[in-house]
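Undergrad: here's a sequence, model it:
(2 chains, ligands or ions: 3)
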Amino acid sequence: MSKNGYLQIHDPLKPKGYAVGIDLGTTNSLVASVIQGKPRCLAADEGESNLLPSVVHYGKDGGVVVGARAKTLAAEHPTDTIVSVKRFMGRSPEDAETRKLGAYKFASGGKVVRFEVSGGQPVTPIEVSGEILRALKRRAESHFSGRVEQAVITVPAYFDDAQRQATKDAGRLAGLEVLRLLNEPTAAALAYGLDKGSQGTYAVYDLGGGTFDVSILKLVDGIFEVKSTGGDSALGGDDFDRAIAQRVLEAMGQSSPTPSLVAEVLAASRKAKEALTDAPEVELTVGSHRQALKRSDFEEWIRPFVQKTGVVCRRALKDAGVTASELDGVILVGGATRVPAVRRFVAEQFGREPLSDIDPDQVVALGAAVQADLLTNVDRQDEVLLLDVIPLSLGLETMGGLVEKLIQRNSTIPTAAAQIFTTFKDGQTGLDVHVLQGERELVEDCRSLARFTLSGIPPMPAGMARVEVRFQVDADGILAVTAKEQSTGTTQSITVKPSHGLTDEEIETMLLDSIDHAEDDVQVRQLREQRVEAERVLTEASRQLGEHGELLAEGERAPIEAAMAKVREVAQGNDHHALKEAIHALDEQCKPFVERVMNQALTKVVAGHSVEEF
Amino acid sequence: MKCWNCEKDTQGRPFCPDCGKIAARPPGASHFDVFGLPRTYDVDVAALERQYRELSLKLHPDRFAQADARERRLSLEQTTALNEASKTLKDPTKRAFYLLKLHGVDLEREDAGAQKDMPLEFLEEVMELREALDEAMEAKDVERARKMATDVETRRKAALQEAVDTLRTLEKGPPVESSVKKASHALGRVRYFTRFLEQVETFEEEMLS
Ligand SMILES: Nc1ncnc2c1ncn2[C@@H]1O[C@H](COP(=O)(O)OP(=O)(O)O)[C@@H](O)[C@H]1O
Ligand SMILES: [Mg+2]
Ligand SMILES: [Zn+2]
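TA: Ligands and ions are numbered 1, 2, ... in the order given. The predicted model follows:
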């Protein structure tokens, strides 16, 4: 139990602590804040990277590890280590995106995706994302040595209602008040705009790990007005990795690879892809398999994905009512825009060289920090304002499985619309309402957000009862639905929870659980981290002893094994300082031996090369 | 409207003139009222956009992020109304439909009686266009569909102009039943032509992809 107990009494005078901006990415996440008037990304430690890999590892003892350390555990514990969790936010188990190549073990049943992990119950994407947010919150708190309770969290502009709702729930789970969900391209523009005080019309092209967004924005007199937005919430650099991985698995003759192999091949493919950004040809290695990859082949494989972004760009321009030549600039965001073929394509599409002066990894988080500051800092209230849009149309199912749109895509939010329903049978007391999001005409081609029955309509002849159903979309792009029977004036308010989301009660339970587990207890966390480290070091030591036993010097094995036993023993206890020391001792003990192993490996590589080269 | 805070009259303004707090939206306020404009077809769009930006800066929920629940709700309601009003009045076609609605005919509603009340010539025109487009689509003839679209676009513009002229005459005097009907028929055609053009567009996109 936490020190403060389960419940905290709300005190309006209590200062809210610091406000931060968070880029909750598919691949990497960042936290930033405005410090002395300038947005800055916060690193875990001085001199360390400010990117937190969006990877969460669930250990056998129920411990949770987030970030770079979790990433190192992915190859060995593929299904206990969740990568790219953002792809699953607000998605159902049947979604096409859920079925793409990946090393996950899904729990069966239920409307929500759940991952089977060791050390406890299956976890939902909301909980996994909650862990990432919590790690970022802690990072910011240790930076400020103070509480952080409010955050602006970014989402892909093309996220639908279910995905937004899931992100907001994850924030709540991490103990954050989500001031605003901010669209990623808008955040990027905000980071650029404030630096340059620019006016004009800009396109933001954001290709990340798992999502693609394009937004057209107009900046006038301090107002950022999003004119249109488009995208694909299942398209990104991960698809490039899979395109490589599929060829590699084929070349290896692996038609039904294990999760472990899939994870390994995907990681190697990503590395190769990133290397191809700087080199025309690279070699990929997985175990003993080696394969040469040419940039030209890679560009051929990813062409369909890149072209898909072109279709989206053209539609966004059209929706905004501008042509490419009328733009004042194009801003590149996201790691996957480093791929030369993507850059070339963007330059071609928009007929100009894109801007990328702000680090594309940081720009979204910096913009989010600016927005958090604008929302909490009274002195800045008159500077700038963002006017964003809803990315996908909202509608209702009508006769024959068709969708009638009530709110068109690219409407400025907040926005609302109402529709009158009438009964078609005498004495009918209920009406079925099915809320959908998407651009297509048929119900089955749109995302089902909610289905509910309006009940309690007073019995009347057919067509007499008139029920007004009202959609209200707030500034986060999240929908609320209310219904009112007009002849009697009875109002029914329904909170629409997306069909693939969690109920408020489920969130509440998770919230209590997480408080119960007192993750915030630093002692416990450090012990868990050290235990993970212990496991890693022990595995590594056993492997080296097994594979290179012949390199051991006389009398070297016994002290190493003693040091290993010591680590195992201390790991059972609760003292993380002692454990850290035991790990360090083992490390020292192994050093001369490991150096010999490394030297031998190096000699082999050099020898190998000289054979090839002469 | 009575101010929720100081109980003085808000005079239909977005903020209470007396205490400066954000006010509730007066019931029944029109899109024109949001901007304090007269109910006329001719609107200075550039001025409207400027005013929209000024009002947004003051009313948007981002300005009330740290305010209490009531003020946040009022900000949401007012900004929603502001966005709706701006979208409607900026667009020449939407503006015409809205003025007609203020005259009592709502063509946006699916079950509207006015839909069924169109003259016979119009129904014949619809049948003819429908058949021709079906043929073009069956033959996968984008070129023919595009030509039809150009022709329909001309008809749409003419119908809108007719509607606007009629709406302008209605501004001058007391409501005249026959004029409202004339505007309603013209906009009924506009509505049909717009849908027709959307269909051609969808067809073109399908053929291209
Ligand atoms: N140098 C590079 N060349 C090619 N792709 C890269 C490079 N650096 C990063 N990426 C890719 O960018 C993607 C991550 O981009 P990022 O913007 O961090 O994503 P997200 O916002 O989804 O977390 C990954 O697919 C990664 O492999
Ligand atoms: Mg990103
Ligand atoms: Zn007042």
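Undergrad: which stretch of helix or strand covers the closest residue to A:Val85 other than its chain neighbours?
TA: Spatial nearest neighbour of A:Val85, excluding adjacent residues (C-beta to C-beta, 6 or more residues apart in numbering or on different chains): A:Val128 at 4.4 Å. Using the backbone N, CA and C atoms, a C-beta is placed for each residue, glycine as well. Secondary structure from DSSP states H and E places A:Val128 in helix A:125-144.
Undergrad: roughly how far is the regular element (helix or strand) spanning A:Gly546 from the heart of the chain?
TA: Following DSSP H and E, one finds A:Gly546 within helix A:522-548. Relative to the centre of its chain, helix A:522-548 is centred 28 Å away, using C-alpha atoms, centre = their mean, to the nearest Å.
Undergrad: for stretch A:49-64, same thing?
TA: With C-alpha atoms, centre = their mean, you get 14 Å for stretch A:49-64.
Undergrad: end to end, how far does that stretch reach?
TA: 21 Å (C-alpha to C-alpha, to the nearest Å).
Undergrad: before we move on, what about stretch A:549-559?
TA: End-to-end distance for stretch A:549-559, by C-alpha to C-alpha: 14 Å.
Undergrad: tell me the helix or strand right after the helix or strand bottoming out on mean pLDDT in chain B.
TA: The helix or strand of chain B with the lowest confidence, counting by mean pLDDT, DSSP states H and E, is helix B:113-116 at a mean of 60. Heading C-terminal from helix B:113-116, the first helix or strand you meet, by DSSP H and E, is helix B:120-138.
Undergrad: quick one: list the elements packing against that following helix.
TA: Secondary-structure packing of helix B:120-138 (3 or more C-beta pairs under 8 Å, 6 or more residues apart in numbering or on different chains; DSSP states H and E): helix B:142-172, helix B:177-208.
Undergrad: spit out the contact partners of residue 86.
TA: Going with chain A. With contact set as C-beta atoms under 8 Å, 6 or more residues apart in numbering or on different chains, A:Lys86 has these partners: A:24-26, A:54, A:125, A:129, A:209-211.
Undergrad: actually, chain B is the one I wanted.
TA: Residues near B:Ser86 by C-beta under 8 Å, 6+ apart: A:412, B:48-49, B:52.
Undergrad: distance check, it against ligand 1.
TA: Distance, B:Ser86 to ligand 1, by C-beta to the nearest ligand atom, to the nearest Å: 33 Å.
Undergrad: hang on, that residue in a helix?
TA: Yes: the assignment for B:Ser86 is a helix, going by DSSP: H, G, I helix; E, B strand; the rest coil.
Undergrad: what's the nearest residue to the residue of the stretch 151-300 of chain A found nearest ligand 2 if we skip its chain neighbours?
TA: At 3.7 Å from ligand 2, A:Gly208 is the closest residue in the stretch 151-300 of chain A, using C-beta to the ion. Spatial nearest neighbour of A:Gly208, chain neighbours left out: A:Gly334 (4.0 Å); criterion: C-beta to C-beta, 6+ apart.
Undergrad: returning to what we had before: mind putting the helices and strands packed on helix B:120-138 into a markdown table with distance to A:Leu545, mean neighbour count and mean pLDDT?
TA: Formatted as a markdown table, the helices and strands packed on helix B:120-138 follow (distance: least, C-beta to C-beta, whole Å; neighbours: other C-beta atoms under 10 Å in any protein chain shown; pLDDT from 0 to 100):
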| stretch | distance to A:Leu545 | mean neighbour count | mean pLDDT |
| --- | --- | --- | --- |
| helix B:142-172 | 71 | 16 | 95 |
| helix B:177-208 | 63 | 17 | 91 |
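Undergrad: out of those, which is closest to A:Asp357?
TA: Among the helices and strands packed on helix B:120-138, helix B:177-208 comes nearest to A:Asp357, with 35.4 Å by C-beta to C-beta.
Undergrad: does chain A sit close to that closest one?
TA: No: using C-beta under 8 Å from any C-beta of the partner chain, we find that helix B:177-208 stays clear of chain A, coming within 8.8 Å at best.
Undergrad: what's the offset of that helix from the middle of its chain?
TA: Chain-centre distance of helix B:177-208: 14 Å, with C-alpha atoms, centre = their mean.
Undergrad: which elements pack onto that helix?
TA: Helix B:177-208 packs on helix B:92-102, helix B:113-116, helix B:120-138, helix B:142-172, going by 3+ C-beta pairs under 8 Å, 6+ apart.
Undergrad: which one of those helices lies closest to B:Tyr41?
TA: helix B:142-172 (5.1 Å).
Undergrad: specify the angle between that closest one and helix B:120-138 in degrees.
TA: 150 degrees (axes from the mean of the first three to the mean of the last three C-alpha atoms, to 10 degrees).
Undergrad: quick one: contacts of stretch A:54-71?
TA: A:24-29, A:44, A:49, A:52-53, A:73-74, A:77, A:80-86, A:117-120, A:123, A:128, A:131-132, A:134-135, A:519, A:528-529, A:531-533, A:535.
Undergrad: whichever residue of chain B sits closest to ligand 2: how many residues sit nearby?
TA: Nearest residue of chain B to ligand 2, counting by C-beta to the ion: B:Asp62, 22.1 Å away. With neighbours defined by other C-beta atoms under 10 Å in any protein chain shown, the count for B:Asp62 comes to 21.
Undergrad: also the one 10 residues further on?
TA: With neighbours defined by other C-beta under 10 Å, the count for B:Arg72 comes to 18.
Undergrad: try B:Arg53
TA: Residues contacting B:Arg53 under the criterion other C-beta under 10 Å number 17.
Undergrad: need the nearest residue in space to it, chain neighbours excluded.
TA: Of all residues not flanking B:Arg53 in the chain, A:Ile223 sits nearest, at 5.1 Å (C-beta to C-beta, 6+ apart).
Undergrad: check A:His143 too.
TA: Leaving out its chain neighbours, the residue that sits closest to A:His143 by C-beta to C-beta, 6+ apart is A:Leu42, at 4.8 Å.
Undergrad: ok, A:Gly401 next?
TA: Nearest non-adjacent residue to A:Gly401, counting by C-beta to C-beta, 6+ apart: A:Val443, 4.7 Å away.
Undergrad: A:Ala578 too?
TA: Once flanking residues are discounted, A:Ala578 sits nearest to A:Val570: 5.1 Å by C-beta to C-beta, 6+ apart.
Undergrad: and the one you found, that's in a helix?
TA: Yes: counting by three-state DSSP, A:Val570 falls inside a helix.
Undergrad: residue contacts, it?
TA: Counting by C-beta under 8 Å, 6+ apart, A:Val570 has contacts A:534, A:578-579, A:582.
Undergrad: got the contact list for A:Gly438?
TA: Applying C-beta under 8 Å, 6+ apart, we find A:Gly438 in contact with A:160, A:392-393, A:395, A:403, A:445-447.
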